[in-house]
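**Student:** Take a look and give me a structure for this.
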Amino acid sequence: NRNLRQFGARLINITYRVSLTLIRWSMVMKSVKLASILFYLNSVFVVSCFVSCGSSPTEASSLLTADIRGGMDKPGLLELGDEIKGVTFVPLEVTTDDASLIDGVYDYAVTDRYIYVLPVKEPRIVLFDRQGRFIRTLVKEGQGPGEFSGILPCIQVDERNDRLFLFSNNRVWEYTLEGEFIGQSTHEYSVIYMRHIGKDRFAAISFPFQPFNGGGFGLGLFSRKGDTIAIKNDFYSFLLPHEKSGFTTSIASAYSDAQNSVLFKTGSNDTVFCISADRISAACVLDLKNSDAEVIRSLDVTDMSNLRIEKKDPKDIFVQDMIEFPAHYYFRLLYNQGYYIASVDKKTGKTLVEKCEMPGSIYELADANLQHGMQGTRSYRNFPVWGRVIKDELVQVVTPYELNLYKSLHSITIPQELDLKGEEHKAPSAS
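**Tutor:** Below is the predicted model:
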């Protein structure tokens, strides 16, 4: 899950010094014009996904079902590249002001005018314009007026209503897009992921390793004051007692700016759920055919060894990220020590799977980029594509160190515009 990996970045305490480059891919999907942006960083590549919920509530028997396991047996190339028309690169400025240096991207948001960055180790919001020019530190951590405190799992912008939201595990800070402080609210539940999805509506995912019957609410839809609109926490299995059951790190979530909705997947079952402004419903089913051990690993909140990836059976399929386009779902999967991208046709359920190119093990790639940013589909001139959909743009982030690793793969083409300028050998260092 993107948010859990970001949470882990805080715990791992990785040190980065970052200069960014923005890349815009011009794309068309059906009748929807889509541009893509790639943030090119000195030392970290963060790629996340926003998705929308295109399925209405329906019985499980009639839900769209994707044969993911069957697609693993015959991987090929996906067709996302057919939607790409071109690409534009926009460097994000590094000035003599140390505030323009980013130590890695924890989360980010994009509007028509601005780029908002939440660094990994520096709890602040850094503001750039869409031409990549550094503006200032917009919001600082602290106890003063308008400052926030604590770890922020995620940030969000609502351009239509001129709002910037900062989410901690139990608070929401609200600002204008120019950084003027509006107010904050506190809620009793503890979250790992939260999104504003409509007027007085917030979608939330419970913080991991809390039993459903002991503080872990599962999936929630809440008002600004914290009133409960809807809750779903019946993710139980006969394989594990209820008192041990809750969310672990085996979860994935994705937000759709256009649809104001959140998709969610837990490893304890094959259903992808949607949180919209008035309900929590099933969106589709992924036929993964995972083992009973994977179901238990995904539910057992008493076994902290589940945090170790080596505990996972390599033959089980773990859904890490999701993107939703008008006609397709896309899922990034971890399987047999490698990454795969699956596309699912939303009308027919036709499923295609592509194996990602990897210049090293998943552990080596994590050293270059905690987000495994270039683990995408080679859909645009053999360059890996994966990202976060924001309005009509696709957003992706990459590091020179990561790019340098992929230079050894002849199946990967690095665009000339990604000139590393002597920084390609700078690896991230742990402190």
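
**Student:** Which stretches in the stretch 151-300 of the chain count as strands?
**Tutor:** For the stretch 151-300 of the chain, strands defined by DSSP state E, counting those that start in this stretch occupy the ranges 154-158, 163-167, 171-175, 181-186, 191-198, 201-206, 219-222, 228-232, 251-256, 261-266, 271-275, 280-286.

**Student:** Adding distance to D112, mean neighbour count and mean pLDDT as columns, could you present those strands in JSON lines?
**Tutor:** The way it works is simple: take the backbone N, C-alpha and C, and place the C-beta from them, glycine included. Output for those, formatted as JSON lines (distance: least, CB to CB, whole Å; neighbours: other CB atoms under 10 Å; pLDDT from 0 to 100):
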{"stretch": "strand 154-158", "distance to D112": "10", "mean neighbour count": "21", "mean pLDDT": "94"}
{"stretch": "strand 163-167", "distance to D112": "14", "mean neighbour count": "22", "mean pLDDT": "96"}
{"stretch": "strand 171-175", "distance to D112": "17", "mean neighbour count": "20", "mean pLDDT": "95"}
{"stretch": "strand 181-186", "distance to D112": "20", "mean neighbour count": "13", "mean pLDDT": "93"}
{"stretch": "strand 191-198", "distance to D112": "18", "mean neighbour count": "23", "mean pLDDT": "94"}
{"stretch": "strand 201-206", "distance to D112": "24", "mean neighbour count": "24", "mean pLDDT": "96"}
{"stretch": "strand 219-222", "distance to D112": "28", "mean neighbour count": "23", "mean pLDDT": "96"}
{"stretch": "strand 228-232", "distance to D112": "30", "mean neighbour count": "16", "mean pLDDT": "94"}
{"stretch": "strand 251-256", "distance to D112": "18", "mean neighbour count": "26", "mean pLDDT": "91"}
{"stretch": "strand 261-266", "distance to D112": "21", "mean neighbour count": "26", "mean pLDDT": "95"}
{"stretch": "strand 271-275", "distance to D112": "26", "mean neighbour count": "24", "mean pLDDT": "96"}
{"stretch": "strand 280-286", "distance to D112": "29", "mean neighbour count": "22", "mean pLDDT": "95"}
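
**Student:** now the protein, which segments are flagged as low pLDDT?
**Tutor:** Low-confidence segments of the chain, defined by pLDDT under 70: 1-61, 83-86, 88-90, 104, 258, 306, 309-311, 367-372, 399-400, 419-431.

**Student:** can you give me the helices in it?
**Tutor:** In the chain, the helices defined using DSSP state H lie at 2-12, 68-72, 292-299, 362-368, 400-406.

**Student:** wait, doesn't T95 sit right on F134?
**Tutor:** Yes: using CB atoms under 8 Å, T95 is in contact with F134, at 5.3 Å.

**Student:** Look at these two and report which has more neighbours.
**Tutor:** Neighbours were counted for T95 and for F134 using other CB atoms under 10 Å; F134 has more, 20 against 10.

**Student:** My read is that that one contacts P91, right?
**Tutor:** No: judged on CB under 8 Å, F134 makes no contact with P91 at a distance of 10.7 Å.

**Student:** Can you give me the neighbour number for E364?
**Tutor:** Residues contacting E364 under the criterion other CB under 10 Å number 11.

**Student:** measure the closest residue to it other than its chain neighbours to L334 for me?
**Tutor:** Distances taken as CB to CB, 6 or more residues apart in numbering place L405 nearest to E364, at 7.8 Å, with adjacent residues excluded. L405 sits at a distance of 18 Å from L334 (criterion: CB to CB, to the nearest Å).
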